[in-house]
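1. Sequence plus predicted model, see below.
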Number of protein chains: 2
Amino acid sequence: MRRAVVLLSGGLDSAVTLASARSSGFETYALSVDYGQRHARELRSAGLVSAQLGAAGHRTVSLDLRAIGGSALTGDAAVPKGRTAAGMAASIPPTYVPARNTILLGLALGYAETLGAFDLFIGANALDYAGYPDCRPEFLQAFEALANVATKASVENLTRLRVHAPLVQMTKVQVIREGLRLGVNLALTWSCYDPTPGGLACGLCDACVLRRAGFADAGVADPASGA
Amino acid sequence: MRRAVVLLSGGLDSAVTLASARSSGFETYALSVDYGQRHARELRSAGLVSAQLGAAGHRTVSLDLRAIGGSALTGDAAVPKGRTAAGMAASIPPTYVPARNTILLGLALGYAETLGAFDLFIGANALDYAGYPDCRPEFLQAFEALANVATKASVENLTRLRVHAPLVQMTKVQVIREGLRLGVNLALTWSCYDPTPGGLACGLCDACVLRRAGFADAGVADPASGA
């Protein structure tokens, strides 16, 4: 069984990506990163999701991106609240973390190399790449090209490494439907960027707004609402 | 004055790279990474080197690569001792850290983005790329291509980002001569992969062997010998 490394934040998109990798026949190894995000709560979800979906392994790497800063998610600015989808698409949001997906895919590449895996999965999708430069297909292609000259296997000219983004053309409602189809327990996932001190979703950040709209469009109740 | 981010391990190569960036007219911002290396002693050298060479900033990011493993430098195997240069060139050594330069350059890219910098410097050189896949020119070119689709600036189509490896064609003796020419205090640098419990260089690992041979070939005494 071929192995794949799946970046797993604990949110909807990465959970569905993990299920997608599994349904494509891979033995899955989840990788989460504790990078000093406000919503470290999502890491608990990552553990629950990887267990529910039968990942063969799950590692969490600590990386203190607060030393670099530059993002609302690591505390350098306020998380925007109450924006519409159109408002979100107008510019790159302050929740963008500089070079995050370059760094996360680099870590996934390292983990893959130790496992003898040649397939990386990331939950980037169309809604993200409206706002985040490192979710665009051209970014994912460039990372795949890099990965193929970056590792021991590339020197020894072995198997070609692939970066998979199975949700890349999906909207949030399509992601939710795919997750339901693949049996993901969406109640276990976490989206909110800025939980309350009591650990509840704020309901107002971009991630909460997109999640709520996605469930509404899918015509199903969010099983994690209020969680 | 244009800003540049320089990856600074605290070894000879990165110290000379920092001096080279400065002599090219950049305001330099050094970035070190505490990734769980056996030789965390090099991080103290990084601080001393960045101060001696007048870096405008110096950040150290903590990243626990031991969670991924796969390298002698993070404790998963013994550091080879007493090898000749020919022995080192014969295969990728166990001191290779999976995807390290992809990850380090990713962090440098993030730091650069927060600074408004478009130039990254890394001390990769010919001796390294005999053994490490992610020191080769084709790797550095692929990372530059990635960086140019990875950031906010790339979406907004602004300045082109460059990856500089000023030592890439140099042997160790050439690096030492360049360092002396540029006024680097080489006594501050640290090379050993596997210091003794008392904090001395082991004298036998690949890094110690290459350093000693380099100083011998340059016809100068290593000012850090025994340090």
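-> Ah, there it is.
2. Whichever helix in chain A runs longest vs chain B: in contact?
-> With secondary structure taken from DSSP state H, chain A has its longest helix at helix A:100-115. Yes. Helix A:100-115 reaches chain B (C-beta under 8 Å from any C-beta of the partner chain) through A:100, A:101, A:102, A:103, A:105, A:106, A:107, A:109, A:110, A:111, A:113, A:114. C-beta here means a position set from N, CA and C on the backbone, and glycine is covered the same way.
3. Top of those by number of neighbours, please.
-> residue A:105 (31 neighbours; other C-beta atoms under 10 Å in any protein chain shown).
4. What does the pLDDT read for that one?
-> Residue A:105 is assigned a pLDDT of 98 by the prediction.
5. mind checking the SS state of the closest residue to it other than its chain neighbours?
-> Leaving aside its sequence neighbours, residue A:105 sits nearest to residue A:143 (C-beta to C-beta, 6 or more residues apart in numbering or on different chains; 5.2 Å). The three-state assignment at residue A:143 reads helix, by DSSP: H, G, I helix; E, B strand; the rest coil.
6. give the contact list for residue A:143.
-> Applying C-beta atoms under 8 Å, 6 or more residues apart in numbering or on different chains, we find residue A:143 in contact with A:101, A:102, A:105, A:163, B:146.
7. Redo the residues of helix A:100-115 next to chain B as JSON lines? Include distance to residue B:188.
-> Output for the residues of helix A:100-115 next to chain B, formatted as JSON lines (distance: C-beta to C-beta, whole Å):
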{"residue": "A:100", "distance to residue B:188": "33"}
{"residue": "A:101", "distance to residue B:188": "35"}
{"residue": "A:102", "distance to residue B:188": "31"}
{"residue": "A:103", "distance to residue B:188": "29"}
{"residue": "A:105", "distance to residue B:188": "34"}
{"residue": "A:106", "distance to residue B:188": "29"}
{"residue": "A:107", "distance to residue B:188": "30"}
{"residue": "A:109", "distance to residue B:188": "32"}
{"residue": "A:110", "distance to residue B:188": "29"}
{"residue": "A:111", "distance to residue B:188": "34"}
{"residue": "A:113", "distance to residue B:188": "33"}
{"residue": "A:114", "distance to residue B:188": "33"}
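8. Pull the distance from the longest helix of chain A to the chain's centre.
-> 13 Å (C-alpha atoms, centre = their mean, to the nearest Å).
9. Could you name the helices and strands sitting against it?
-> strand A:3-7, strand A:27-34, strand A:57-62, strand A:119-121, helix A:137-150, helix B:100-115, helix B:137-150 (3 or more C-beta pairs under 8 Å, 6 or more residues apart in numbering or on different chains; DSSP states H and E).
10. Residue A:75: which of those is closest?
-> Closest of the helices and strands packed on helix A:100-115 to residue A:75 is helix B:100-115, at 13.0 Å (criterion: C-beta to C-beta).
11. before we move on, back to that, just give me the closest of the contacts of residue A:143 to residue B:57.
-> residue A:102 (20.6 Å).
12. So the closest one sits against residue B:108, correct?
-> No. Assessed by C-beta atoms under 8 Å, residue A:102 is found out of contact with residue B:108, at 9.9 Å.
13. Can you lay out the contacts of residue A:143 as a markdown table showing distance to residue B:158?
-> Shown next, in a markdown table, are the contacts of residue A:143 (distance: C-beta to C-beta, whole Å):
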| residue | distance to residue B:158 |
| --- | --- |
| A:101 | 19 |
| A:102 | 18 |
| A:105 | 23 |
| A:163 | 25 |
| B:146 | 17 |
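14. quick one: which of those is nearest residue A:221?
-> residue A:101 (31.0 Å).
15. which ones are touching the residue nearest to the closest one when sequence neighbours are not counted?
-> Using C-beta to C-beta, 6+ apart and skipping residues adjacent in sequence, the residue nearest residue A:101 is residue A:134, 3.7 Å away. Going by C-beta under 8 Å, 6+ apart, residue A:134 touches A:99, A:100, A:101, A:102, A:124, B:150, B:151.
16. Lovely, talk soon.
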